[in-house]
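S.K.: Sharing a sequence plus its predicted fold:
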Amino acid sequence: MAAANRDPRRFDDPDRFLITRPPGKNLAFGHGIHFCLGAQLARIEAEIAISSLLRRLPDLRLDDAENPEWRPTFVLRGLKRLPASW
């Protein structure tokens, strides 16, 4: 599960967050009969949240984008913290 969506044979530059990455066969919301019923709502909410944040803080920038601090976990990849300034 920890490697889902990070296979370099299926995804170009899998460790980078590319907001413009075209939709593909990722497993974020499950697959087949196990596909998340709330997936579309989550996508809409993320789109609204990110666009609102960037509109309100146009000078927003990551303080150290090259060295993100990841949580020490095997199961679910995620950031421990992501310092930003504006």
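M.R.: The structure has been received and is ready for your questions. Numbering: from 1, shown residues only.

S.K.: When you work out contacts or count neighbours from here on, use the C-alpha atoms and nothing else.
M.R.: Noted.

S.K.: Now do the phi/psi pair for residue 18.
M.R.: Reported as degrees, to the nearest 10, the phi and psi values for residue 18 are phi -120, psi 100.

S.K.: i'd like the first residue to be 53 from this point on
M.R.: Okay, residue one is now 53; in that scheme the one you just asked about reads as residue 70.

S.K.: any idea of the pLDDT on it?
M.R.: We have a pLDDT of 80 for residue 70.

S.K.: List the residues that contact it.
M.R.: Under the criterion of CA atoms under 8 Å, 6 or more residues apart in numbering, residue 70 has no neighbours.

S.K.: Would you quantify the distance from it to residue 64?
M.R.: Going from residue 70 to residue 64 by CA to CA, to the nearest Å gives 10 Å.

S.K.: Same check on residue 130?
M.R.: Distance from residue 130 to residue 64, by CA to CA: 19 Å.

S.K.: What of residue 71?
M.R.: Distance from residue 71 to residue 64, by CA to CA: 13 Å.

S.K.: more crowded one of the two?
M.R.: The neighbour comparison of residue 71 against residue 64 (other CA atoms under 10 Å) goes to residue 64, with 11 against 6.

S.K.: Name the SS class of that one, please.
M.R.: coil (DSSP: H, G, I helix; E, B strand; the rest coil).

S.K.: The lowest-mean-pLDDT helix or strand in the chain pairs with which strands, and in what direction?
M.R.: In the chain, no helix or strand scores lower on mean pLDDT, DSSP states H and E than strand 121-122, which sits at a mean of 85. The pairing partners recorded for strand 121-122 under DSSP bridges are strand 131-133 (antiparallel).

S.K.: in its sheet, what does the next helix or strand after the partner strand sit against?
M.R.: For strand 131-133, the following helix or strand on the C-terminal side (DSSP states H and E) is strand 136-137. Applying DSSP bridges to the sheet, strand 136-137 is found paired with strand 113-114 (antiparallel).
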